[in-house]
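Chemist: Could you work out the structure for the sequence below:
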Amino acid sequence: MGKQKKTRKYATMKRMLSLRDQRLKEKDRLKPKKKEKKDPSVLKEREVPQHPSCLFFQYNTQLGPPYHILVDTNFINFSIKAKLDLVQSMMDCLYAKCIPCITDCVMAEIEKLGQKYRVALRIAKDPRFERLPCTHKGTYADDCLVQRVTQHKCYIVATVDRDLKRRIRKIPGVPIMYISNHRYNIERMPDDYGAPRF
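Modeler: Numbering: from 1, shown residues only. Coordinates of the predicted model:
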């Protein structure tokens, strides 16, 4: 007579005692929570984000020449690929003086890319570019740009990154500059029908 095969039971667990079980000693037992009765006369406080004063509905009143343009890492790389001079192309797009701004995070990202992107690093260190210091931890440029644009709505964001574009579109009054057909274009502000197009 052979050995009888026993089927294994999968996903079986040892039964555990609940902390409120009667078999436990009084000192080990979990005490039932007492619900605090809310006083109906007390006023409820809600945290509502303050509407930015620079916006007239969806129209950003802070934007005007000279335009300050926050430049992303990939924007510089794609500009080199398309053989576009950053400052000149920005001025051709907006018909006004443009000041490209580079944050410390973007600079760190370009430096991390290494020897292959040394041309981008040389362009980023151009004296015409304004350097913006970062106070937050880490060097993730996307979060840095979104945070800066949310706080100060006086910038145009220059990027080719789809995810970053999607995030910035949710912020009212912030235009996006991108590259298409070997030239710079500016994306219209979201829900901005009556205002002049940039």
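
Chemist: can we go C-alpha only for contacts and neighbour counts from here?
Modeler: Noted.

Chemist: On the three-state scheme, Phe75 is what?
Modeler: Secondary structure for Phe75, judged by DSSP: H, G, I helix; E, B strand; the rest coil, is helix.

Chemist: How many residues are close by it?
Modeler: Residues contacting Phe75 under the criterion other Cα atoms under 10 Å number 20.

Chemist: and if you look at Tyr155?
Modeler: As a measure of burial, Tyr155 has 25 neighbours, counting by other Cα under 10 Å.

Chemist: For it, give me phi and psi.
Modeler: With angles defined as degrees, to the nearest 10, Tyr155 sits at phi -110, psi 150.

Chemist: Verify the contact between it and Leu70 for me.
Modeler: Yes. The pair Tyr155 and Leu70 passes the contact test of Cα atoms under 8 Å, sitting 6.4 Å apart.

Chemist: and Ile171, helix, strand or coil?
Modeler: Going by three-state DSSP: Ile171 is coil.

Chemist: again with Met91
Modeler: Secondary structure state of Met91, per three-state DSSP, is helix.

Chemist: separation between it and Arg167?
Modeler: 25 Å (Cα to Cα, to the nearest Å).

Chemist: what about the two, which has more around it?
Modeler: Neighbours around Met91 and Arg167, counted as other Cα under 10 Å, are more numerous at Met91. The numbers are 16 against 12.

Chemist: Can you tell me what sits against stretch 36-44?
Modeler: Counting by Cα atoms under 8 Å, 6 or more residues apart in numbering, stretch 36-44 makes contact with no residue outside itself.
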